[in-house]
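> here's a sequence, model it:
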Amino acid sequence: MRRRRGVIGFFVHHRVAANLVMLVMLLGGVLALTRMNMQFFPTFALDIVSVRVVWSGASAEDVEQGITDPLEQRLRSVDGLKKMTSTSAQSVSSITLEFHEGTDPMQALDDVNQQVDEFTNLPADAEEPQVTRIERYEPVARLLVYGDVDRRELRDLSYRFEDELLEQGIDRVEISGLPEQQISIDVPVERLETLGLSLEQIADRVASISRDLPAGMMAQQDATRELRAVEQRRSAQAFEDVTVLSGERIQLRLGDIAIIRQEARDNQMTLSRNGYPAAEFVLQRAENGDSLASAQVLDDWLEKTRPTLPPSLTLEVYDQSWQLLNDRISLLVNNGLGGLVLVVCLLYLFLPGRVAVWVAIGIPTAFLASMAVLWGIGGSINMISLFALIMALGVIVDDAIVVGEDADAHARMGEES
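Prediction:
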């Protein structure tokens, strides 16, 4: 018979080429598994920037005419702008800018900042505009801290836990259940006049060391991480060390000239557990983070922290969304291995051992090749892609059996390749 043409015919007559392609598929899949993020939902960036301006005491009509409309006119010229919406309410103007997909988010943020900074016709009583990029975070788990301690001690422990979790790799930590604190700084007028300082200078200095601002992106693709400039003082003692005046012979701290107090606000809702004060932590990952890696960070931190806590304090972990992802991965692996064993056993009963082995090799090869393709197009291992792989598992197994049996049948009939 004449030789078959096409891709299948080529690989039939060039077995080395077929083996090399299979090896590339296997290696590509293994590399993809080590590089791809594991997360609950697929990665999708929110290309949205928000501009917010506070004008205390102004009506909605004044806010629209004095802030919203002029700012909208300037922001219409920003490159990559897809849609702009605005809301003018009493004392607040809010403008949301949505950009086309693929727009560099940090460049868009810089362009909006530049347009807002160049706008000099804001009302005199209006506060400085706040320009922020809307970011998407995914919950990893929730952590409850409670025990027989007073709320001041619980607050200090909560802030310590937050710093430790952020340092070890958790992208974001939100704390709730603690009463909000306000820090008041009273500076006598006589001291300001003696030093030649103004209250505005003190306020600017305090504001400069109480900011949380984005500072760009580091790395690319799966390893992308956002950088932030964070310097937030959270206690009266921290503000006391702020330098307000420095020179060759003098180094003046805020605590030397001001009375600084930290007090809880009245009539606030607090969290409790079993009658004890409690604080809740919501651990989140960034849009390019890895849920299972974040979960491992949490487990390592709990293993190290729990033995150091007093017996009166308890750490309780719940609502672990990463566990759903881990369960779906386990389901895929267990079903895949079970199907593989079943296929090999059945084929050994009805087909030659060589055919059974090659059919068994084809199943993991198909999965690893799909992983390589998914990684190549920027995908990730998530609930949706895992569901698709589970659905495709039966198709792959059936096709492998049918193709292997058909090839063996043709070979037994004496057909040539």
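
> could you tell me the end-to-end distance of stretch 65-76?
The straight-line separation of the ends of stretch 65-76 (CA to CA, to the nearest Å) is 17 Å.

> in it, what counts as buried?
By neighbour count with 16 or more other CB atoms under 10 Å, stretch 65-76 contains the buried residues Gly66, Ile67, Thr68, Leu71, Glu72, Leu75. From N, CA and C alone the C-beta is placed, and that goes for glycine too.

> and those as a markdown table, adding secondary structure and pLDDT?
Listed next are the buried residues of stretch 65-76 as a markdown table, based on DSSP: H, G, I helix; E, B strand; the rest coil; pLDDT from 0 to 100:
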| residue | secondary structure | pLDDT |
| --- | --- | --- |
| Gly66 | helix | 87 |
| Ile67 | helix | 89 |
| Thr68 | helix | 90 |
| Leu71 | helix | 89 |
| Glu72 | helix | 89 |
| Leu75 | helix | 88 |
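
> Ile134 touches Ser50, doesn't it?
Yes - the criterion here is CB atoms under 8 Å, and Ile134 meets it with Ser50 at 5.9 Å.

> quick one: common contacting residues for these two?
Thr96 (CB atoms under 8 Å, 6 or more residues apart in numbering).

> quick one: stretch 52-72 to chain centroid distance?
33 Å (CA atoms, centre = their mean, to the nearest Å).

> begin at 42, not 1, for the rest of this chat.
Done: numbering now begins at 42, and the last item shifts to stretch 93-113.

> and for that stretch, what's in contact with it?
The contact list for stretch 93-113, computed with CB under 8 Å, 6+ apart, reads 92, 125, 127, 129-136, 157, 160, 162-164, 166-168, 170-171, 173.

> picking up where we left off before, closest to Pro351 among the buried residues of stretch 106-117?
Ile108 (51.8 Å; CB to CB).

> which elements pack onto the strand or helix carrying Gln155?
Assessed by DSSP states H and E, Gln155 sits inside helix 146-158. On a contact count with 3 or more CB pairs under 8 Å, 6 or more residues apart in numbering; DSSP states H and E, helix 146-158 meets strand 89-95, helix 110-116, strand 133-140, strand 171-174, strand 252-259.

> what ranges does the stretch 142-291 of the chain have for its strands?
Assignment of strands within the stretch 142-291 of the chain using DSSP state E, counting those that start in this stretch yields the ranges 171-174, 179-188, 213-217, 222-227, 252-259, 266-272, 284-287.

> do you have the helices of the chain handy? List them.
Counting by DSSP state H, the chain has helices at residues 47-54, 56-76, 101-104, 110-116, 146-158, 192-209, 230-236, 240-249, 277-281, 295-298, 332-346, 363-391, 394-417, 424-453.

> can I get the second one in PDB? Just the C-alpha atoms.
Listed in PDB are the C-alpha atoms of helix 56-76, where the atom choice follows Å, rounded to 0.1, in the frame of the first residue of the first chain:
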ATOM      1  CA  ARG A  56       9.200   7.500  15.300                       C
ATOM      2  CA  VAL A  57      12.100   9.600  16.800                       C
ATOM      3  CA  ALA A  58      10.300  12.800  15.900                       C
ATOM      4  CA  ALA A  59       7.100  11.500  17.600                       C
ATOM      5  CA  ASN A  60       9.000  10.600  20.700                       C
ATOM      6  CA  LEU A  61      10.700  14.100  20.700                       C
ATOM      7  CA  VAL A  62       7.400  15.800  20.400                       C
ATOM      8  CA  MET A  63       6.000  13.800  23.300                       C
ATOM      9  CA  LEU A  64       9.100  14.600  25.400                       C
ATOM     10  CA  VAL A  65       8.600  18.300  24.700                       C
ATOM     11  CA  MET A  66       4.900  18.100  25.700                       C
ATOM     12  CA  LEU A  67       5.900  16.400  28.900                       C
ATOM     13  CA  LEU A  68       8.600  18.800  29.800                       C
ATOM     14  CA  GLY A  69       6.500  21.800  28.800                       C
ATOM     15  CA  GLY A  70       3.700  20.600  31.100                       C
ATOM     16  CA  VAL A  71       6.000  20.100  34.000                       C
ATOM     17  CA  LEU A  72       7.500  23.600  33.500                       C
ATOM     18  CA  ALA A  73       4.000  25.000  33.300                       C
ATOM     19  CA  LEU A  74       3.000  23.400  36.600                       C
ATOM     20  CA  THR A  75       5.900  25.000  38.400                       C
ATOM     21  CA  ARG A  76       5.200  28.400  37.000                       C
END
